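Enquirer: Could you look at this predicted model? Sequence included:
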Amino acid sequence: MINIVRHPIDVQEVLRSVQVPEAGAIDIFVGTTRNHSSGKEVLSLEYEAYEPMALKEMEKIENKVRSRWAVHRFAMVHRVGRVGIGEASIVIAVSASHRREAFEACHYAIDTLKREVPIWKREIFADGEMWVGFQGEEPQE
Amino acid sequence: MINIVRHPIDVQEVLRSVQVPEAGAIDIFVGTTRNHSSGKEVLSLEYEAYEPMALKEMEKIENKVRSRWAVHRFAMVHRVGRVGIGEASIVIAVSASHRREAFEACHYAIDTLKREVPIWKREIFADGEMWVGFQGEEPQE
Amino acid sequence: MITVNVRFFATVKDLVGADEIELMLEEGALASRVLDHLAERYPRLSGWRKHLRLAVNSEYAEGTRLLQDGDEVAIIPPVSGG
Amino acid sequence: MITVNVRFFATVKDLVGADEIELMLEEGALASRVLDHLAERYPRLSGWRKHLRLAVNSEYAEGTRLLQDGDEVAIIPPVSGG
């Protein structure tokens, strides 16, 4: 299951989507929005995606995972739009016969998503808002 | 949350127990019962625990995790008694500010549980049943 | 001449003030020409240029990629999903 | 003499045919004495001995641990939880 959604992510549903009787190990990564950033209180967050490309890049991650590790099922769901503090913005689940594969594949998937998938986060503070991406600040001209 | 339970484990509840607004990353490991072992079909499984000691050993794992990684919350729930195929026998969840810590702590916790915590699995086949532990077979006398 | 559709996201969208624009380029133009054009129109973009990636028809592309009429070119600032 | 409560689990419980037994030992007995006794009563156990761990009062213990009256000694076969 590869998806970009505008509603809260149901972790139980993502888990169910990777459960198979042959799998003994499932690793699930849940990325949640934090209430602070660069020392300031974050009130809420908003995610924007270049959706058709983001979905393609997410599929590439699944393909890469499957070429490197013997995984049974793979799921990756990203939420976009406004996301409240403490809510899940990303859920990745991997089922495998052995736990090492599940852990490594899941870790690889979130690392690669954060580097390659065209999705952007905007943090909304009491005194303004900012797109995250240039290591948290705009580059100097 | 450290617990040994006789009913199905509610993953959503375990997840909620580690969610805090300061945590950006949660890793959850779900161990599920497999339908095959040593090339034979497994019909069901049963887990037995030496409960007071198992709970102590699980607490030691949490303490060790906290001494090694900056984790916010830690949860480890093991199910005992009969567990149907594909159901969760163990759920471990770790929340941290950074994902590497969540992954490493969760992986360490399941590895250590499998080595140290006095819980045993019995596999029930069509033609008999067997305690798992001596690398799947009884030692030679 | 060819026409390409250029799409903007996040910081770049805020700077340009639009989701997308149409751009006419000479036949044989490479993807990097799009950034040249934008840097002329929006001088602040030139300071960010080394941080920007390009995508053509929803796939990352090098600046040396030959553009075709009707291509969709996206300017991809550093991503921050997850 | 001291009395200790000995607990069995999994394979060992099946072999012994009981959850627990009481064992009387001489004053000053070490935990390994419990295994010596059991190996006499249940010869198959001696073949497994190097795979068995001991716990005293719910903590792993070495065979050299000095036992006290009333201690609970558990015989821990290789664990297989998770």
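Expert: Looks like it arrived, so ask away. This is a predicted model, so every value here is computed, not measured.

Enquirer: what does chain A put close to chain C?
Expert: A:31, A:47-50, A:52-54, A:56, A:78, A:89-90, A:110, A:113-122, A:131-135, A:138-141 (Cβ under 8 Å from any Cβ of the partner chain). No exception for glycine: its C-beta is placed from N, CA and C like everyone else's.

Enquirer: are any of the residues you listed buried, and which?
Expert: Buried members of the residues of chain A next to chain C, scored by 16 or more other Cβ atoms under 10 Å in any protein chain shown, are A:31, A:47-50, A:53-54, A:56, A:78, A:89-90, A:110, A:113-114, A:116-122, A:131-134, A:138-139.

Enquirer: ok, and which of the residues of chain A next to chain C reach chain D?
Expert: Of the residues of chain A next to chain C, not one also sits near chain D (Cβ under 8 Å from any Cβ).

Enquirer: Show me where chain C has its helices.
Expert: Using DSSP state H, the helices of chain C run over residues C:10-16, C:32-41, C:43-48.

Enquirer: Looking at those, which is nearest to chain D?
Expert: helix C:10-16 (42.7 Å; Cβ to the nearest Cβ).

Enquirer: Work out the gap between the closest one and the centre of the chain.
Expert: Its chain's C-alpha centre and that of helix C:10-16 lie 12 Å apart, by Cα atoms, centre = their mean, to the nearest Å.

Enquirer: Can you tell me which helices and strands that helix packs against?
Expert: strand A:119-125, strand A:128-132, helix C:43-48 (3 or more Cβ pairs under 8 Å, 6 or more residues apart in numbering or on different chains; DSSP states H and E).

Enquirer: Pick out the least confidently modelled helix or strand of chain C, by mean pLDDT.
Expert: Ranked by mean pLDDT, DSSP states H and E, the weakest helix or strand in chain C is helix C:43-48, scoring a mean of 89.

Enquirer: Show me which positions of that one end up buried.
Expert: Neighbour counts over helix C:43-48 (16+ other Cβ under 10 Å) mark C:Leu45, C:Trp48 as buried.

Enquirer: now check it, is it near chain A?
Expert: Yes - applying Cβ under 8 Å from any Cβ, one finds helix C:43-48 in contact with chain A at C:Arg44, C:Ser46, C:Gly47, C:Trp48.

Enquirer: what's that helix packed up against?
Expert: Here helix C:43-48 touches helix C:10-16, helix C:32-41, going by 3+ Cβ pairs under 8 Å, 6+ apart.

Enquirer: In chain A, which residue sits closest to chain D?
Expert: For chain A, Cβ to the nearest Cβ, closest residue to chain D: A:Arg99, 8.4 Å.

Enquirer: So that residue is in contact with B:Ala109, correct?
Expert: No - A:Arg99 lies out of contact with B:Ala109 (Cβ atoms under 8 Å); the separation is 10.9 Å.

Enquirer: of those two, who's got more company?
Expert: Neighbour totals were compared for A:Arg99 and B:Ala109, and B:Ala109 leads with 25 against 21 (other Cβ atoms under 10 Å in any protein chain shown).

Enquirer: Check whether the helix or strand encompassing that one comes into contact with chain A.
Expert: Using DSSP states H and E, B:Ala109 maps to helix B:99-116. Yes - shown here: helix B:99-116 in contact with chain A (Cβ under 8 Å from any Cβ) through B:Arg99, B:Arg100, B:Ala102, B:Phe103, B:Cys106, B:His107, B:Ile110.

Enquirer: Would you list the phi and psi of the residue nearest to the last one when sequence neighbours are not counted?
Expert: In this case it means B:Ile110. Leaving aside its chain neighbours, B:Ile110 sits nearest to B:Phe29 (5.1 Å; criterion: Cβ to Cβ, 6 or more residues apart in numbering or on different chains). Per-residue torsions, B:Phe29: phi -110, psi 130 (degrees, to the nearest 10).
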